[in-house]
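Participant: Return a 3D structure for these sequence lines:
(chains A, B and C)
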Amino acid sequence: MANTDAIVGWKTITFGCHVMEPGNSVNFRTGDWRSQRPVLDKEKCIKCGMCWIFCPDMAYTQTEEGYFEADMEYCKGCGICAHECPKDAIEMVTEEG
Amino acid sequence: MIPEFEKFKGFKAKSIPKDEPLASGHRACQGCGEVLALRMVMKALGRDVIVCSATGCMEIISSPYPHTAWRVPWIHIAFENAAAVASGVESARKVLKRKGKIPKRHVDIMAVGGDGATGDIGLQWISGAFERGHDFLYVCLDNEAYMNTGVQRSGCTPYGAMTTTSPPGKKSFGQVTWKKNIPAIAVAHNIPYVATASPAYFLDLMNKVKKAALVKGPAYVHIYSPCPTGWGSAGERSIEFAKLAVETRVFPLYEVIEGRYIMSRKITKPKPVTEYLKGQKRFRHLDEGHIDYIQKRVDVEYEKLLRLAELT
Amino acid sequence: MAKRVGIEVSIAIAEAAKLARSEVIPAYPITPQTHIVEHLSEFVASGELDAEFIPVESEHAAMSCCCGSSAAGARTFTSSSSQGLSLMSEILYIPSTMRLPIVMVVANRALSAPISIWNDHQDIMVQRDIGWIQTFAENGQEAFDLTLHAFRVAEDRRVSLPMIVNIDGFTLSHVIEPIEILSQEEVDGYLPPFKPRYKLDPKKPITMGPVGIPEVYTEAKMAHSEAIKASKRVIIKAWQEFADMFGRQYNPVETYRCEDADVMLVTMGSISETAMTAVDKMREAGQQVGLVRIRLWRPFPSQEFRRAAGKAKVLAVIDRCLPPGAVCGPVGAELRSLFYKVPGSPKIFSFVAGLGGRDVTVERFEEIVDKARAYAKKRPRELFEVIGVREK
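Facilitator: All right, here's what the predicted structure looks like:
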């Protein structure tokens, strides 16, 4: 779990080793763990939000049009969203390269 | 009846809070059902909460310095003592409120741990906190083994399951004991609220967590948490297994309110347990005899529960 | 105004914790600490003290509650002893690096086996490196004063470290002494309300106790280590202010008749009173003997100790702890390191005495001094010696 962000001196380390910035894990992108990505077929989508509620990585947010979109910065490609989609509107596609 | 429940209308699919008190960027495995359950727990609780975490997967994946996935105040001291830490937080806030040193506003206090932290090493601390009557909720995220250390059996590992310390072999078929009934132990403390929940039934889960937070005094929610890494199941199927566990009666959903058992979801036409067991590597060595035993025992345990619901 | 009363030392300590306006007191009973927490529980029950008394199910839970309570911003006090302190051990290392200023009085007692409820220092020596500030009291007045001092130092925002006051089980905890109990007004003047630097607060959420990956663990521990070293100035200043306000002066190291002494006894805790009597007796017989008493054990007051005892030819260190298989007792080892390769430094001999409630009499101190003198003339022995042990 080497992490260059954590390189800090004893004089500058936070008091008590506390993390003072809530939710700063968003700076850690888990998207590069992914080997497949969810691709949404908007034709089939009924905007039910099952993909959103069942995402373990809080990657999905709702767009203005009402569709749910996964943020590729965080999506680990687990495929729960595709598996749970009641309309089979999400397909997991292998990442290239 | 619990007066705090009267005003609570329950979450609806359309009114699930968008806010995420637990942030992205955590290091949980792909398809982790435990962090998904934790996410739902936090959605139900919102931001006015102090979380006391036991050592375990959720602690490790959410707090590698200098990062934290927590947008709410969070403390981790050790493995077994989250309930005692929560007791300290609760008592401190009580006296500080009384002395006018902090606002009187109610803040929920949650202790959270895995099945090992809850049912094995931490049982005494939980028992103490329940018996003393602190106003807090304890959430157990049960993934049925010590996953953080590499899949060792716990008291909550199901019968027959293969783990690194309950390996099947010439003289063994995996875990030889039946899953320890932690909710029943919680009930035995006469606390006002106990429930079981599953992330597959997310509204039910969130409502139970909210009720556990609303009720005055100790509350306990035991949440089934699929672990693809430890179970040898496909990450995409985590919710499917969570649903199958309920549909096969392997993990029944119920509440115990002031000692009264209430079935949340009566499974009148259960699927055979094989539906649940297949697809998980931890069970694939089991022969028909063992599966038969599991089926019979699951039926017996479910009947017991139904009888408790009738009696109470 | 302060009142001088005849009072059991445990009750005086409970009074101190009450006068300090302790807010959360998680406690589990263990002999010989029980009187302290019983009285605090009474103060809470009677309304004399507005606090939460948490009757926990174990000492491990007591310390765990202390962590939660201190992190939530409440002034937190507990007390323990022996097996109970050992049961806490896993947790003790945590609030110190997390900088949670818990105050604990430890009524020092032997460790099993065989089970013994009586006094020595084995329980606390096991916890030498937990990173808490630690002092040792010699008498009841000191136990009372050091308890107040502990809150003042621990909660000082420059320090913010947990602190232990050691008192000898029974020989201090259960004796009645004339003790000057300060008034509430006086204590309030000395001890400001607790204002934690950080706390668990939904308005300003922070994460306490994250995972220390290898890139950061050393720095976290170093920061803690430097903080406890730096606390010495605050500790001494808080004693100075105590002296200015109440007239009783405390120092990290005390000396007794050390001028021109070639042999100095080194002690910690209540045994020092008998040691003083022994020094008087030996002085009368024409021996150049003195006594050095360590009050501040962690951070170890190196400079002060060198200043106090550096001129001695021989140090006879009394360790109330038998470390099987070790080179010498923990206090002896500390001092040997302190004087390692310092030119002209004293020869140091470690004597283990007073285990499991065995009295260390004036005669024993005389024996120790005689032996130390004799050993100093020979090649220095590496091993410690157990004093007052029967062979057959």
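Participant: any idea of the mean pLDDT in the helix or strand B:Pro183 falls within?
Facilitator: Secondary structure from DSSP states H and E places B:Pro183 in helix B:182-187. On average, the pLDDT along helix B:182-187 is 98.
Participant: Other residues contacting the helix or strand just after that helix?
Facilitator: Sequence order places strand B:193-197 as the next helix or strand after helix B:182-187, per DSSP H and E. If you take C-beta atoms under 8 Å, 6 or more residues apart in numbering or on different chains as the criterion, strand B:193-197 is touched by B:2, B:37, B:183, B:186-187, B:204-205, B:208-209, B:211-212, B:215, B:219-224, B:251-258, B:264. For the C-beta atoms, the positions are set from N, CA and C on the backbone; glycine is no exception.
Participant: Just those: which are in helices?
Facilitator: Those of the contacts of strand B:193-197 mapping onto helices are B:37, B:183, B:186-187, B:204-205, B:208-209, B:211-212, per DSSP state H.
Participant: re earlier: make a ChimeraX selection of the buried ones in the contacts of strand B:193-197.
Facilitator: Selecting only the buried entries of those in ChimeraX, with 16 or more other C-beta atoms under 10 Å in any protein chain shown as the criterion:
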select /B:37,183,186,187,204,205,208,209,211,212,215,219,220,221,222,223,224,251,252,253,254,255,256,257,264
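Participant: Distance-wise, check A:Leu40 relative to A:Trp52.
Facilitator: Distance of A:Leu40 to A:Trp52, given as C-beta to C-beta, to the nearest Å: 12 Å.
Participant: any residues touching stretch B:201-210, and which ones?
Facilitator: So stretch B:201-210 is in contact with A:53-54, B:8, B:10-13, B:16, B:37, B:40-41, B:43-45, B:137, B:139, B:195, B:197-199, B:221, B:223, B:243, B:246, B:253, B:255, B:264-265, going by C-beta under 8 Å, 6+ apart.
Participant: now with 7 Å?
Facilitator: A:53, B:8, B:10-11, B:13, B:37, B:40-41, B:43-45, B:139, B:195, B:197-199, B:221, B:223, B:246, B:253, B:255, B:264 (C-beta atoms under 7 Å, 6 or more residues apart in numbering or on different chains).
Participant: still on that earlier bit, pull up the overlap in contacts between A:Leu40 and A:Trp52.
Facilitator: Here A:Leu40 and A:Trp52 share no contacting residue, scored by C-beta under 7 Å, 6+ apart.
Participant: In three-state terms, label C:Val266 for me.
Facilitator: What DSSP: H, G, I helix; E, B strand; the rest coil gives for C:Val266 is strand.
Participant: just the strands in the stretch 101-250 of chain C please.
Facilitator: C:103-108, C:133-136, C:163-168, C:176-181, C:207-208 (DSSP state E, counting those that start in this stretch).
Participant: Just want to check the distance between C:Arg336 and chain B.
Facilitator: According to C-beta to the nearest C-beta, to the nearest Å, C:Arg336 and chain B sit 34 Å apart.
Participant: Give me the three-state assignment for that residue.
Facilitator: At C:Arg336 the chain is in helix, as set by three-state DSSP.
Participant: What's the per-residue pLDDT of the nearest residue to it once chain neighbours are set aside here?
Facilitator: Distances taken as C-beta to C-beta, 6 or more residues apart in numbering or on different chains put C:Ile348 closest to C:Arg336, at 5.1 Å, once the chain neighbours are dropped. C:Ile348 is assigned 94 on the pLDDT scale.
Participant: wait, doesn't C:Ile348 sit right on C:Ala333?
Facilitator: No - checked against C-beta atoms under 7 Å, the pair C:Ile348 and C:Ala333 is beyond contact range at 9.2 Å.
Participant: okay, the two: which has more neighbours?
Facilitator: More crowded of C:Ile348 and C:Ala333, by other C-beta atoms under 10 Å in any protein chain shown: C:Ile348, with 26 against 19.
Participant: Now do the contacts for B:Tyr254.
Facilitator: B:Tyr254 is in contact with B:196, B:261-264, B:305, counting by C-beta under 7 Å, 6+ apart.
Participant: go on, C:Ala154?
Facilitator: C:Ala154 touches C:101, C:103, C:133, C:161-163, counting by C-beta under 7 Å, 6+ apart.
Participant: Please report the distance of the residue nearest to it when sequence neighbours are not counted from chain B.
Facilitator: The shortest distance from C:Ala154 to any non-neighbouring residue, by C-beta to C-beta, 6+ apart, is to C:Pro101 (3.7 Å). Separation of C:Pro101 from chain B (C-beta to the nearest C-beta): 13 Å.
Participant: Okay, now the unreliable bits of the chain?
Facilitator: Since no chain was named, I'll use chain A. Residues of chain A that meet the criterion pLDDT under 70 lie in A:1-4, A:97.
Participant: I was after chain C.
Facilitator: For chain C (pLDDT under 70), the answer is C:380-383.
Participant: so does the helix or strand hosting B:Val139 get close to chain A?
Facilitator: Assigned by DSSP H and E, B:Val139 belongs to strand B:137-142. No - Strand B:137-142 stays clear of chain A (C-beta under 7 Å from any C-beta of the partner chain), getting no nearer than 12.3 Å.
Participant: So what touches the helix or strand following that strand?
Facilitator: With elements assigned by DSSP H and E, the helix or strand that comes after strand B:137-142 is strand B:168-169. Outside strand B:168-169, the residues that touch it by C-beta under 7 Å, 6+ apart are B:162, B:174, B:285.
Participant: All the strands of the chain, residue numbers only.
Facilitator: Since no chain was named, I'll use chain A. Remark: strands assigned in chain A by DSSP state E are A:36-40, A:60-62, A:68-70, A:90-94.
Participant: nope, chain B please
Facilitator: Going by DSSP E, chain B shows strands at B:49-53, B:74-76, B:108-114, B:137-142, B:168-169, B:172-173, B:193-197, B:219-224, B:254-257, B:260-263.
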